[in-house]
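>>> generate a structure from the sequence data that follows.
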Amino acid sequence: MKKQDIAFICAVLAIFLPFALSEPLYEAYEKFNSAHGMAAAFIKFAVLSTMGEMLGARISSGNYYYKGFGLISKMAVWGILGMGINMAMIIFSNGVPAFLEYMGLENAGSLLSGPMCWQKILTAFCVSVAMNSIFAPVFMTLHKICDMHIADCGGSALSLIKPWGMNDLFSRIDWKIQWGFVFKKTIPLFWFPAHTVTFLLPPSGRVLCAALLGVVLGVILSLAARKK
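Okay, here's the model as predicted:
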C-alpha cells in the first residue's frame, strides 16, 4: 500500500465517519436530503462518483489523479448527471408500477413502499430493467462524451463552458467497447440486479445507494479501459 492509498482511505473516512459517529449530523443530513433532494443528489454524485473514477484511475494507471484528470469538471458533470439519475428514479419508480397495474398486477403502485414479498421484488426488478434499458444507455453515452471533452480540454476547470464538437466526439466513441462491454454486459449482468436492490430500499436511501454504485462504475470503466 502506497502513501496515496493511505491518503485516499483517510479522505473516505473523513467524509463518512462523522455521519456515522454524530447523530445530530446524520439528522441534519436526513433533513437536508428530504427538503432539497435534487441538491443532495448533486452533492452525493459529485463526491462519491468522482471518488469512484479516482479509484478506477488507480486501477488502470496506478494513480488516483493525473495531469488532465479534470477533477472540478468531473465533479460538475457527475453532479448534473446525478440530478438526472434522481429524476429518472422518481419517474420510473412511479411510472413502471402504474404500468404493472395496467397489466394486471394489483396494487403495484404501493408495493415498493410495502413489506418484502415476491411481488415487491418483481416490481423492483421491472423498474430496474425499464430504467436501465431506456435511460442508462443514454446516460452512459453522455458520460463518455463528457469525459472525452474534458480530456480534450486538458482537464481544465472551464471545460464545460468551452465549445463542444459533438460530431467529432460521437465519431470517436469506441462502440465495440461501449456496446460490447458497457451496454451488452454490464447493464444486464450488473445494473439490473444492483438497481433491483436499490429500488427495494426506502426512497430516501435510493439516490445514496445509486451514488455509491458510482464507485463501482468507476471500477467498471477502468476495467473497460484495460480491456481496450
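>>> from here on, just use CA atoms for contacts and neighbour counts.
Will do.
>>> gap between M75 and L48?
M75 sits at a distance of 9 Å from L48 (criterion: C-alpha to C-alpha, to the nearest Å).
>>> shared neighbours of the two, which are they?
With contacts defined as C-alpha atoms under 8 Å, 6 or more residues apart in numbering, no residue is adjacent to both M75 and L48.
>>> what about the nearest residue to W191 once chain neighbours are set aside, distance to P193?
Spatially, and ignoring its direct neighbours in sequence, W191 is nearest to N132 (7.0 Å; C-alpha to C-alpha, 6 or more residues apart in numbering). When distance is defined by C-alpha to C-alpha, N132 is 10 Å away from P193.
>>> what's the answer for A124, then?
Distance of A124 to P193, computed by C-alpha to C-alpha: 9 Å.
>>> neighbour count: the two, which is higher?
More crowded of A124 and P193, by other C-alpha atoms under 10 Å: A124, with 26 against 15.
>>> name the residues that touch the helix or strand hosting that one?
If you go by DSSP states H and E, A124 is part of helix 118-134. Contact with helix 118-134 is made by 88-89, 92-93, 96-97, 100, 108, 111-112, 114, 187, 191-193, 195-197, 199-200, as judged by C-alpha under 8 Å, 6+ apart.
>>> again, but for stretch 37-51
Stretch 37-51 has contacts (C-alpha under 8 Å, 6+ apart) with 32-33, 71, 74-83, 86, 207-208, 211-215, 217-218.
>>> distance across it, terminal residue to terminal residue?
One end of stretch 37-51 sits 21 Å from the other (C-alpha to C-alpha).
>>> mind listing what's buried along that stretch?
Buried positions in stretch 37-51, judged by neighbour count with 16 or more other C-alpha atoms under 10 Å: 37-38, 40-51.
>>> which stretches of this protein have low pLDDT?
Residues of the chain meeting the criterion pLDDT under 70: 217-218, 220-228.
>>> max-length helix in it?
If you go by DSSP state H, the chain has its longest helix at helix 71-102.
>>> how far off centre is the helix holding A124?
For helix 118-134, the separation from the chain centroid amounts to 17 Å (computed by C-alpha atoms, centre = their mean, to the nearest Å).
>>> equivalent analysis for stretch 41-57, please.
Relative to its chain's centre, stretch 41-57 lies at 8 Å (C-alpha atoms, centre = their mean).
>>> would you mind measuring the gap between the ends of it?
Stretch 41-57 has an end-to-end distance of 23 Å (criterion: C-alpha to C-alpha).
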